[in-house]
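what follows is a protein structure lacking sequence information:
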């Protein structure tokens, strides 16, 4: 029977959402292919996590080893290359996360298994694996096929597949020993510690109203234009990644995958194009309004209301109007 | 410290109108402005900063047609010592895997302690080349690097994870590091600077020079083949507020009032 493997992603004792997203898509694919859905869990002292996974797959393979305590692409790759060579799963799903992009390409290259990364959908058409991806900063979609192979690896874009509620499957946990290759000299890459940058004075996740500024602001000297609007609302100022990269606002103001996830009552995006990394940090906001002069900006696919206009015209006018309204 | 930086020449599409070309598999590029991939710009800057601090050399490499020379010239103006462009008609249709294969064939014959590249390219967003390249060369790698410190045959890096968290790792040199944006402040490169760097070496190599066959490159050597490009269908679209600026401001204000947000 064909097998579909999902590589569970966890950090500091918790399963990450991407694991459940992959399992949702994996279940759909395995049914269509009449294949077994197996979860692969690597780590140390992960019994609790393994138990949770039995709700969603009939088989949970666990490799429990002290050397796999923290994610390290080197150790993970050794275990995975052994398991994939042995089991030859038709398809292995990995998250397109910090963890997945560090692991999947080198694993695929080692085994010469065709890989497609950052996929937003995939399926088999007969024997052909077809994937869908986004290119050119979210403005164009691609349909692509993978070279014919007995095995494939695909990384899935996070926050793309909605997690379905399931009746617990009560799957079995199968412990398998670490391969001998894990005992080899593993000193090429060593995990030292996690580092959480210190929190700043403003917690944007607690705000009801967020006005966020992006690359469209052009210059650090223009940031006060948007800050004034945030103040008029009694909200907080946040931003997308480029603003932090340029050092214009501190990193604790960043919304997105590598920053904060926010769910305010109002999210006003100013000059933000809407890359998926940003969207994943704000898409659950109650009301989203976007101001961007590019009508094709991906942000308009997430916003409730859009304004296609020069932000330097709209933002001051809106600020005045709000201040007037508040007296 | 000898550093190799792998860069890509890409179209700027963030604020441009992007249209599908007649072949249905690519975009119309005539109207687009090309420049160095943003992530690679940070990688090139980091390479030059390290070389200035520790001595050694910086070699910039790209796979691309003649137009990509402008991206290499930009790296030379930034301070790279030499540049190599790998080009061949047979490379047409190559995916990230093949690009990494091509790079590996040349890099394995060069002296290096560190390979830097961008964590991803803004055009295809695959985030593969650096990591595949490391595997093909048999060296350790780290992606999404926000900070790096080489010392005594080891490089200590901060890798960016989700939610603002970072992990600190140590890698043995030589190593490949895929750089995340924000690691430094890439210096501004003037036209004058580019002109001044015209004297620096820019070598061009083709398929025969690097020891790969036609079957190993292009679509035939690739893992993934583009079948079609299309503008995504809109599942949800914002209601666009139109009118003059004051009218728009009023519409937004009214909407917020009905929702009790003002």
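Received the coordinates, thanks. Please read all numbers here as calculations on a predicted model, not as lab measurements.

quick one: the longest helix that chain B contains to chain centroid distance?
For chain B, the longest helix by residue count, based on DSSP state H, is helix B:38-54. A distance of 13 Å separates the C-alpha centroid of helix B:38-54 from that of its chain, computed with C-alpha atoms, centre = their mean, to the nearest Å.

which element follows that helix toward the C-terminus?
The helix or strand immediately downstream of helix B:38-54 is strand B:57-63, counting by DSSP states H and E.

show residues contacting the next helix or strand after that following strand.
Past strand B:57-63, further along toward the C-terminus, the next helix or strand under DSSP H and E is helix B:69-78. For helix B:69-78, contacts defined as C-beta atoms under 8 Å, 6 or more residues apart in numbering or on different chains pick out B:5, B:7-9, B:34-36, B:40, B:44-45, B:48, B:58, B:60, B:62, B:64, B:82-83, B:85, B:186-187, B:189-190, B:193-194, B:196-198, B:200, B:202. Just so you know, the C-beta spots here come from the backbone N, C-alpha and C atoms, and that holds for glycine as well.

also stretch B:49-59?
Contacts with stretch B:49-59, where a contact means C-beta under 8 Å, 6+ apart, come from B:1-5, B:44, B:47-48, B:75, B:79-84, B:110, B:112-114, B:150, B:184.

what comes up buried for that stretch?
Across stretch B:49-59, burial judged by 16 or more other C-beta atoms under 10 Å in any protein chain shown covers B:49-51, B:56-59.

so which residues of the stretch 1-150 of chain B form strands?
Shown for the stretch 1-150 of chain B, the strands assigned by DSSP state E, counting those that start in this stretch span residues B:2-6, B:9-11, B:34-36, B:57-63, B:82-86, B:114-118, B:141-151.

any chance of these in TSV, plus mean pLDDT and distance to residue A:255?
Listed next are the strands of the stretch 1-150 of chain B as TSV, based on pLDDT from 0 to 100; distance: least, C-beta to C-beta, whole Å:
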stretch	mean pLDDT	distance to residue A:255
strand B:2-6	98	30
strand B:9-11	98	25
strand B:34-36	97	26
strand B:57-63	98	33
strand B:82-86	98	38
strand B:114-118	98	22
strand B:141-151	97	18
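
so which of these is nearest residue A:113?
Each of the strands of the stretch 1-150 of chain B was scored for nearness to residue A:113 using C-beta to C-beta, and the closest is strand B:141-151 (17.9 Å).

which other helices and strands contact whichever helix or strand comes after the closest one?
Tracing the chain C-terminally past strand B:141-151 and defining elements by DSSP H and E, one meets strand B:154-160 next. Counting contacts by 3 or more C-beta pairs under 8 Å, 6 or more residues apart in numbering or on different chains; DSSP states H and E, strand B:154-160 is packed against helix A:98-111, strand B:141-151, strand B:166-172, strand B:175-179.

after the longest one, next one along is what?
To tie it back to what came earlier, the one meant is helix A:98-111. Note on helix A:98-111: by DSSP H and E, the next helix or strand toward the C-terminus is strand A:115-125.

tell me the strands beside that following strand, with direction?
The strands beside strand A:115-125 in its sheet (DSSP bridges) come out as strand A:128-135 (antiparallel), strand A:152-156 (parallel).

contacts for it?
Counting contacts by C-beta under 8 Å, 6+ apart, the residues touching strand A:115-125 from outside are A:25, A:29, A:32-33, A:96, A:101, A:104-105, A:108, A:129-134, A:141, A:144, A:146, A:152-157, A:160, B:96-97, B:125-128, B:223-224.

before we move on, back to that, looking at the strands of the stretch 1-150 of chain B, which one is packed in the most?
Between these, strand B:114-118 has the highest mean count of neighbours, a mean of 28, where neighbours are mean count of other C-beta atoms under 10 Å in any protein chain shown.

quick one: is that strand near chain A?
No: for strand B:114-118 and chain A, the contact criterion (C-beta under 8 Å from any C-beta of the partner chain) is not met; the two come no nearer than 12.0 Å.

thinking again about what came up before, the inter-axis angle of the longest helix of chain B versus helix B:69-78?
Orientation of helix B:38-54 against helix B:69-78 (axes from the mean of the first three to the mean of the last three C-alpha atoms, to 10 degrees) gives an angle of 30 degrees.

what's the angle from helix B:38-54 to strand B:57-63?
Relative orientation of helix B:38-54 with respect to strand B:57-63: 160 degrees, computed using the same axes, to 10 degrees.

I'd like the mean pLDDT over helix B:38-54, please.
Taken as a whole, helix B:38-54 carries a mean pLDDT of 98.

contacts for stretch B:139-146 next, please.
Applying C-beta under 8 Å, 6+ apart, the contact partners of stretch B:139-146 are A:73-74, A:98, A:101-102, A:106, A:188-189, B:115, B:119, B:127, B:130-131, B:134-135, B:157-161, B:166, B:169, B:171-172, B:174-180, B:182-183.

contacts for stretch B:87-97?
A:105, A:108-109, A:115, A:117, B:63-66, B:68, B:98, B:102, B:124, B:126, B:128-129, B:132, B:204-207, B:214, B:217-219, B:221-225.

ends of that stretch, what's the gap?
Its first and final residues considered, stretch B:87-97 spans 16 Å by C-alpha to C-alpha, to the nearest Å.

and the gap between residue B:226 and chain A?
Residue B:226 sits 5 Å away from chain A when distances are taken as C-beta to the nearest C-beta, to the nearest Å.

that residue reaches residue A:144, doesn't it?
Yes: in this structure residue B:226 lies within contact range of residue A:144 using C-beta atoms under 8 Å: 5.0 Å.
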